[in-house]
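Chemist: next one to model:
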Amino acid sequence: LLVSSVVGKDRIIFATKEDHETPSSAELVADDPDDPYEEQGLILPNGDINWNCPCLGGMASGPCGEQFKSAFSCFHYSTEEIKGSDCVDQFRAMQECMQKYPDLYPQEDENDEKSSKDLEAASMEASAAKEEKESS
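Modeler: Residues are numbered from 1 along each chain as shown. Model (predicted):
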């Protein structure tokens, strides 16, 4: 017997000893490794960028999501000796977009440098994780 009452905005539910002795009828569903929406890290097994990765902090969505995807993709796939040096135009477009939405994308003094460093660090971590996974 469950008893519930509403107090203000809260709903209080009282459970009896008998409620706790009854086995749960909840079913656990095993994770599907082929589910494309499962969190699989920044780089998917096929080498594509996982735009749903929480590690991107939601940057792939929002008003500047397309500019972010363009800049990050360019950086990630860059084969230049100075990685990403061929992506200046994409990063500039992303920065210009972000400046239009200061409430969503707070600006910092060294933001241009910080964005590049953050993306480079994320890409390096992903590459290291991929190499580690491939060697095991």
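
Chemist: this structure: strands as residue ranges?
Modeler: 3-7, 10-14 (DSSP state E).

Chemist: and the ones you listed, which one averages the lowest pLDDT?
Modeler: Lowest mean pLDDT within the strands of the chain: strand 3-7, at a mean of 60.

Chemist: what stretches of this protein score poorly on pLDDT?
Modeler: 1-7, 9, 13-15, 20, 24-39, 108-136 (pLDDT under 70).

Chemist: what about 90?
Modeler: 1-47, 52-58, 61-62, 102-136 (pLDDT under 90).

Chemist: helices of that one, start to end?
Modeler: 17-21, 65-77, 88-99, 111-135 (DSSP state H).

Chemist: for the third one, name the packing helices and strands.
Modeler: Other elements packing on helix 88-99 under the criterion 3 or more Cβ pairs under 8 Å, 6 or more residues apart in numbering; DSSP states H and E are helix 65-77, helix 111-135. The C-beta positions use only the backbone N, C-alpha and C, and glycine is treated the same way.
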